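Q: Turn this into a structure:
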Amino acid sequence: MIQARIPSAGYCIYCGAKVYSDDRKKLGDEHIIPFSLEGELVFLEASCLSCERVTGRFESKLLRNTLLATRVNLNLRSRNSALSQTKALPLFVDTVAGVQKVLVNTEDYPTVLHLPYLPDPPIVSEIGNLGPTEYPPRPFTKFLNYNKEILNKKYGLSNWNHVSLDNRLLCRLVAKIAHGWCIANKKVTEYTPILDNMIIDPNLESRELLSFVGGTPPEPKTPKELHQIRAKIFPVEGIDFIVVNVRLFAFLGTPTYSVVSGIMGDIPKNGLPNCSARTKGLPNFSRISIPAY
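A: Take a look at the predicted model:
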């Protein structure tokens, strides 16, 4: 990723507030890709306290839970000094007495990155009458560290609870990245953002954003970059959408997510269609059982 500090837009990029809070005027800086994922694009004075609290909540749920083992395995940075010195991570095992936590040394921890493959963004499929939206059943899975024999001999583990990813939070994270990138990028001008209110919705169980996030077919080449962001204008039935392709952990061959971040010009007078029915095929959670692979 290119290291850059992007000048402030003069307002909170999510709600439009001009000050951080009642007690502080200067808005907070915003990493377009999270700091904990080694994001180097910093949008100066771009978020107010209220919006920062919401984005911090869903980022924390992903980065300190689902993606924590991946971050530790890849030795990614952390603002939390204790977290950056993590020596062991928990696995949870169902027993007769209930769920038991077993701490496993990081060098032995079964680290697997799994991300869902997604079809075209449902909003594009709906407006373009592209037929039903079908979600691929099997996620992308990459083992970064897994030795079943060591886990069995050293920790007495033969099975444990599945790895779970909240698809709603993943879509919100890539939407946040796409939204910030569009506003910060001087090449993308005169467009109307459409995801800002959804990104800062305090209801983290909302599925509204799923209508605007999709994916591309698996790419044959694996790049060297940690992450990739690209944008394009995607015309559908007279509407020029801004679609941002976000690929996290690109060097591992991960899926690319397509985020319909905004529209060139104004939103149509009749608004955008409700296409929540097209998102029913995507469950709230993607789960895998590591020993089954």
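Q: which stretches of the stretch 151-293 of the chain form helices?
A: 167-184, 196-199 (DSSP state H, counting those that start in this stretch).
Q: So which of those is nearest Tyr135?
A: The minimum distance between Tyr135 and the helices of the stretch 151-293 of the chain falls on helix 167-184, with 9.5 Å, by C-beta to C-beta. Where C-beta positions appear, they are placed from N, C-alpha and C, glycine not excepted.
Q: Show me what the closest one is packed against.
A: With contacts taken as 3 or more C-beta pairs under 8 Å, 6 or more residues apart in numbering; DSSP states H and E, helix 167-184 sits against strand 41-47, helix 49-61, strand 191-193, helix 196-199, strand 213-215, strand 228-236, strand 239-247, strand 257-264.
Q: returning to what we had before: so of the helices of the stretch 151-293 of the chain, which one's packed in deepest?
A: helix 167-184 (a mean of 24; mean count of other C-beta atoms under 10 Å).
Q: tell me the average confidence for that helix?
A: Per-region confidence: helix 167-184 scores 96 on mean pLDDT.
Q: out of the helices and strands packed on helix 167-184, nearest to Pro132?
A: Per C-beta to C-beta, nearest to Pro132 of the helices and strands packed on helix 167-184: strand 213-215, 13.6 Å.
Q: State the paired neighbours of that closest one in the sheet, together with their directions.
A: strand 257-264 (antiparallel) (DSSP bridges).
Q: Show me how far the strand it pairs with is from its chain's centre.
A: Computed by C-alpha atoms, centre = their mean, to the nearest Å, the separation of strand 257-264 from the middle of its chain amounts to 14 Å.
Q: Now do that strand and strand 239-247, the angle between them.
A: 150 degrees (axes from the mean of the first three to the mean of the last three C-alpha atoms, to 10 degrees).
Q: returning to what we had before: worst mean pLDDT among the helices and strands packed on helix 167-184?
A: strand 191-193 (a mean of 89).
Q: Just the buried residues of that strand, please?
A: Tyr191, Pro193 (16 or more other C-beta atoms under 10 Å).
Q: other SSEs contacting it?
A: Strand 191-193 packs on helix 167-184, strand 257-264, going by 3+ C-beta pairs under 8 Å, 6+ apart.
Q: between those, which gets nearest to Leu272?
A: That would be strand 257-264 among those, by C-beta to C-beta, at 8.5 Å.
Q: Residues touching the closest one, excluding its own?
A: Contacting residues not belonging to strand 257-264 are listed as 118, 120-121, 123-124, 171, 174-175, 177-179, 181-182, 190-195, 212-216, 231, 233-234, 239-248 [C-beta atoms under 8 Å, 6 or more residues apart in numbering].
Q: Identify, out of the helices and strands packed on helix 167-184, the most deeply packed stretch.
A: Using mean count of other C-beta under 10 Å, strand 213-215 ranks as the most buried of those, with a mean of 26.
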